[in-house]
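[1] what shape does this take:
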Amino acid sequence: MKPLLIGTLAVIGLLSCACSTPPTAAQPVRTITITLRPSVSHSPMPAPTPATSSPVAAACQTPNLTGSVGTPQGLAGGFVVAIVFKNLKTTPCTLRGYPGVTQAAGNPVKSIGQPATANPATPRTLVTVPPGGFASADLKIANAANYLAATCRAVKATWLLVTPPNQRTPLHIAFGSTACQGTAKLMSVTSVVQGSAG
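    Model (predicted):
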């Protein structure tokens, strides 16, 4: 009887233990989705390089220039001659626009007649004259005989007084020509260009 009693008590104990343990409720399962995006590498933009511009040379001053004339070329009603500027400095300088030109004679030298008018045949541009380099403009002089005596009394000129663009002091260039005392305008001059053309 004792073995049977012990077995029965063991079964009752197991049942009571099983009944005393509350059933485990099923827990809901949460799903977390993680999306991995590929990393994009951005190369840093290079800093903009500041624009570098060459410094503009200073204007050519009259004391730093010499003036000369080329060989006159005949044309209908007169002739044309190149006025040539040479840079005497060891650094570049610039010329822009029309030189002032008058015919002259005497001692001391004095202007005769009307100054040259601007001839727009060449555009007004900034010309850089290197050390020892040249720039030039074309001067046209009409025949004084083409004008009425009331506006032109023909006289001999021995000089050209040439004022470089944007300067006030003229260069004295020896050059023989016929000038007009009066209101007639014999001369016209182009804007300065690079080189010693003409």
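
[2] what ranges do the strands span in the protein?
    Assigned by DSSP state E, the chain shows strands spanning 65-69, 73-75, 78-87, 93-96, 100-105, 110-112, 117-119, 126-129, 134-142, 153-163, 171-181, 187-190, 193-194.

[3] my read is that residue 190 contacts residue 138, right?
    Yes - assessed by CB atoms under 8 Å, residue 190 is found in contact with residue 138 at 4.6 Å. For the C-beta atoms, the positions are set from N, CA and C on the backbone; glycine is no exception.

[4] between the two, which one's more packed in?
    residue 190 (24 against 21; other CB atoms under 10 Å).

[5] need the pLDDT of the more buried one.
    In this prediction, residue 190 carries a pLDDT score of 98.

[6] distance of it from residue 58?
    23 Å (CB to CB, to the nearest Å).

[7] residue 101 too?
    Look at residue 101 and residue 58: by CB to CB, they are 23 Å apart.

[8] the two: which has the busier surroundings?
    Using other CB under 10 Å as the criterion, residue 101 and residue 58 rank with residue 101 on top: 22 against 12.

[9] which residues touch the residue nearest to the more buried one when sequence neighbours are not counted?
    Of all residues not flanking residue 101 in the chain, residue 116 sits nearest, at 4.0 Å (CB to CB, 6 or more residues apart in numbering). Counting by CB atoms under 8 Å, 6 or more residues apart in numbering, residue 116 touches 100-102, 139, 185, 187-189.

[10] number of residues surrounding residue 85?
    Residue 85 is flanked by 28 other residues according to other CB under 10 Å.
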